[in-house]
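K.L.:
got a predicted structure here, sequence first:
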Amino acid sequence: MTLALLALALCALGTLLSVVTPAAIGRACGFLLLGAAAVATLSASLSGLASGAQRIGFDPARTHVALRLDPTAAFYLGVLGVVALLVAIYGLGPRASDERRTGRTAAASACAILLASLLACLANDVLLFIFAWELLALAFYWAIAYSGTDADSPSSAYITIVVTHVAGACIVAALLWLAHAAGSFDVDAIVNAGSGARPAGGGVVLVLLLIGFGAKFGVLPLQVWLPYGYRSAPSVVAALMAGGALNVGFYGVTRFIVGFPNVPLWFGILTIVLGAVTAFFGIAWASAQRDMRRLAAYSSVENGGIILAAFGVALAGNALHDHLLVGFAVAAAFVQIAAHAVAKSTLFLSIESIADACGTTSFDALGGLARRMPIVSAVVLLCGMSLAALPPLAGFAGEWLVLESLMQAFRTANVACEVAFALAGAIIGVAAGIAVVTFTKFVGIGILGAARTGQGHGAEPLRSPWRGAALVLGGFAIIAVGVFAAELLRIAGPSIDGISGAAATQAMIGTFPLVQPTFGGFSSISPSGLGIVLCGFTLLFWIIARVFSRPRGRAAAVWTSGEPYAAWTQYTGTGYANPTRVILDAGMRVRPFFELPFYRALTAPLLALAGLVRATQSGVIAAYLSYILAFTIIMLLLFPSIRHW
């Protein structure tokens, strides 16, 4: 707990110094203190996972300042710490081209985002949690509106703050209802208060919580802010938002929804289906994007849906009182959370390096970066392979476990569960296939081939050692989470077992080096063994290519249907994705129902009503006196009825 308090203090100090210290020194101070806070957060995480729950309160009855570091909070602190460390190391390099002015605001907003995220995960009082949630929303607004150079920053920040505040209102309503039922603001007390709720009331609370927390990680139809917010914020801050702060939404699901007693089965099925549909549409829309940042943002929607589906399996297991199924599903969600965090944060940092070198992130203007920027290209390849769930990287381990959890439908002995699990597994399997196409486009069109424009021709190698160190460290993290998934599960075991109420972790990794479902005799995989085998085959092919002679190559002009070769004859991002777009035409057509046009139609009657009310505010005193007179007459006419009431 001391280390956690130190991390909070360092974040607050970093925010303050970034604001008050002039020029580039403020930016350096902010990212330096962000890195120190990340190290303290990681240390607190490892200690919290090993030592159990620790609590501290500063007169919580009056101030509502009560903190708790238990294994569940410690796991999320660990994810936040890793991402913040990558961002801090990268930020110690030169100021990025998408950071406004000296970059002080970017550093300050990054520290504020980490501060609010840590506080939300540590809060042991509902009012403190709500405060931290709203502080995180304001930190997002600050980062998007004031720290970047994008011309659409004001509108992007407005969309973000509207969605997050609507979500915040749902969370406030649900948590305060539970606090009233519990007669306490303690987090454990209000979660347990759900056991006394009527089925209808408990269902309403769960739906409100799902809407509130789901908006943070982009559940349909609340994903609308992600492509705008991630594009307008500086990439170094967007990396912290997408890889770190997004997981505060999953923390809320873990703490307040998965731990909810007497979860109705229909809600678990709803969560599974909603997660699978979100994953499908997220990656379908990502495949059609022409900009790297927007593609990465929609990819976050896909991963959010996959993780939500895993939590839905845990909720179904909770409803059926199958503790091993709960533990397996939570473990799958945790591995996928860690995989997405390291891959997506590293990808955003890589995109920033490309934007600095080329001045654009458009697929149609890039290409030919593999030779000019080898480190960045290698890291982007690792990120793409992981987000496409290719072995033996982090994304493969996470998605394999999620799909395995959905294959346990036959254990539920419930027809509705069996159908929902099967459909969700099929939809997520299709989404995984689209993800391969999407990130093949990302790497093949954006990195490989020839430079399509002068912007690609002018790219220079990465020269900052800080940036290079952050990207390489992120690449190693992607490999480590995949290859050492069993070790990650062992470390997170106290949290997984505590949530499930069963020895789920030991059942999964008891036969080292295999990782298997908690139920014996089903299936298993060895991520480390798979990594060794793939490396062995790679080495074997390299030796064969070196030892055995091959026919001498003959240079010839590239065949381009009779036309002289030119950069424009290559596939464009749009052209490569067109077959996928044609196949998924129905999915593309429903996009307006989940984007700004949908919300404009939804709010049009409310805005019309607001305009009508605004017209009554003429500023003429005679009009106001007539309103009072009319109200008085109505009250006198209704007085007998009112008195009877």
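P.N.:
Noted; the coordinates are in hand.
K.L.:
per-residue pLDDT, His180?
P.N.:
On pLDDT, His180 comes in at 85.
K.L.:
surely it is in a helix?
P.N.:
Yes - assessed by DSSP: H, G, I helix; E, B strand; the rest coil, His180 belongs to a helix.
K.L.:
look at it and say how many residues are nearby.
P.N.:
11 (other CB atoms under 10 Å). C-beta coordinates here come from the backbone N, C-alpha and C atoms, glycine included.
K.L.:
can you check Arg552 too?
P.N.:
Arg552 has 5 neighbours, counted by other CB under 10 Å.
K.L.:
and the gap between it and Arg546?
P.N.:
Arg552 is 16 Å from Arg546, where distance means CB to CB, to the nearest Å.
K.L.:
residue ranges of each domain in the chain, please.
P.N.:
Domain ranges of the chain: 274-548, 595-644, per automatic domain parsing.
K.L.:
okay, these, which one's buried deepest?
P.N.:
Burial of the domains of the chain is given as mean neighbour count (mean count of other CB atoms under 10 Å); domain 274-548 ranks first at a mean of 22.
K.L.:
start to end distance for that domain?
P.N.:
Start to finish, the residues bounding domain 274-548 are 53 Å apart (CA to CA, to the nearest Å).
K.L.:
measure Gly384 to Arg255 for me?
P.N.:
Separation of Gly384 from Arg255 (CB to CB): 32 Å.
K.L.:
mean confidence score for whichever strand or helix holds Ala630?
P.N.:
If you go by DSSP states H and E, Ala630 is part of helix 621-644. Per-residue pLDDT over helix 621-644 has a mean of 77.
K.L.:
how distant is that helix from the center of its chain?
P.N.:
Averaging C-alpha positions (CA atoms, centre = their mean, to the nearest Å) puts helix 621-644 53 Å from its chain's average.
K.L.:
ok, residues contacting that helix?
P.N.:
Thr616 (CB atoms under 8 Å, 6 or more residues apart in numbering).
K.L.:
and the closest residue to Ile269 other than its chain neighbours, what is it in contact with?
P.N.:
Distances taken as CB to CB, 6 or more residues apart in numbering place Ala420 nearest to Ile269, at 4.5 Å, with adjacent residues excluded. Residues near Ala420 by CB under 8 Å, 6+ apart: Ile269, Ile272, Val273, Ala316, Ala409.
K.L.:
again with Ala66
P.N.:
By CB under 8 Å, 6+ apart, the residues touching Ala66 are Arg55, Ile56, Gly57, Phe58, Pro60, Ala123, Asn124, Asp125, Leu128, Asp186.
K.L.:
residues contacting the last one?
P.N.:
Read that as Asp186. Contacts of Asp186 (CB under 8 Å, 6+ apart): Ala66, Asn124, Asp125, Val126.
K.L.:
looking at those, which are in helices?
P.N.:
Mapping those onto helices (DSSP state H) picks out Val126.
K.L.:
show me the helices in the stretch 251-400 of the chain, by range?
P.N.:
265-287, 292-319, 323-358, 369-372, 374-387, 394-406 (DSSP state H, counting those that start in this stretch).
K.L.:
my bad, should have said the stretch 101-250 of the chain
P.N.:
Under DSSP H, counting those that start in this stretch, the stretch 101-250 of the chain gives helices at 104-122, 126-146, 153-182, 187-192, 199-217, 226-232, 235-240, 247-252.
K.L.:
for the second one, what does the pLDDT average out to?
P.N.:
Just to be clear, that refers to helix 126-146. 92.
K.L.:
then stretch 186-197?
P.N.:
Averaging pLDDT along stretch 186-197 yields 75.
K.L.:
what do you get for stretch 513-527?
P.N.:
Mean predicted lDDT for stretch 513-527 stands at 81.
K.L.:
hmm, who's touching that stretch?
P.N.:
By CB under 8 Å, 6+ apart, stretch 513-527 touches 324-325, 327-328, 391-392, 396-397, 400-401, 404-405, 407-408, 411, 482-486, 489, 502, 504, 507-509, 511, 528-529.
K.L.:
by mean pLDDT, point me to the weakest helix or strand of the chain.
P.N.:
Lowest mean confidence among the helices and strands of the chain (mean pLDDT, DSSP states H and E): helix 585-589, at a mean of 67.
K.L.:
which helix or strand lies directly C-terminal to that helix?
P.N.:
Sequence order places helix 596-615 as the next helix or strand after helix 585-589, per DSSP H and E.
K.L.:
compute the inter-axis angle for that following helix and helix 153-182.
P.N.:
Angle, helix 596-615 to helix 153-182, by axes from the mean of the first three to the mean of the last three CA atoms, to 10 degrees: 80 degrees.
K.L.:
packing partners for helix 596-615?
P.N.:
The helices and strands touching helix 596-615, judged by 3 or more CB pairs under 8 Å, 6 or more residues apart in numbering; DSSP states H and E, number zero.
K.L.:
what stretches of the stretch 151-300 of the chain score poorly on pLDDT?
P.N.:
Along the stretch 151-300 of the chain, the parts satisfying pLDDT under 70 run over 194-200.
K.L.:
from Ala331, how far off is the residue most central in space within the chain?
P.N.:
With distances taken as CA atoms, centre = their mean, the chain has Leu246 as the residue nearest its mean C-alpha position (3.9 Å). With distances taken as CB to CB, Leu246 is found 20 Å from Ala331.
K.L.:
and if you look at Tyr158?
P.N.:
Here the distance between Tyr158 and Ala331 works out to 39 Å (CB to CB).
K.L.:
wait, which of the contacts of Ala66 is closest to Arg581?
P.N.:
Arg581 lies nearest to Ala123 out of the contacts of Ala66, by CB to CB, at 43.8 Å.
K.L.:
what secondary structure does the residue nearest to Ile269 sit in?
P.N.:
Following three-state DSSP, Ala420 is assigned to helix.
K.L.:
once you drop chain neighbours, what's closest to Gly57?
P.N.:
That would be Ala66: by CB to CB, 6+ apart, it lies 4.0 Å from Gly57.
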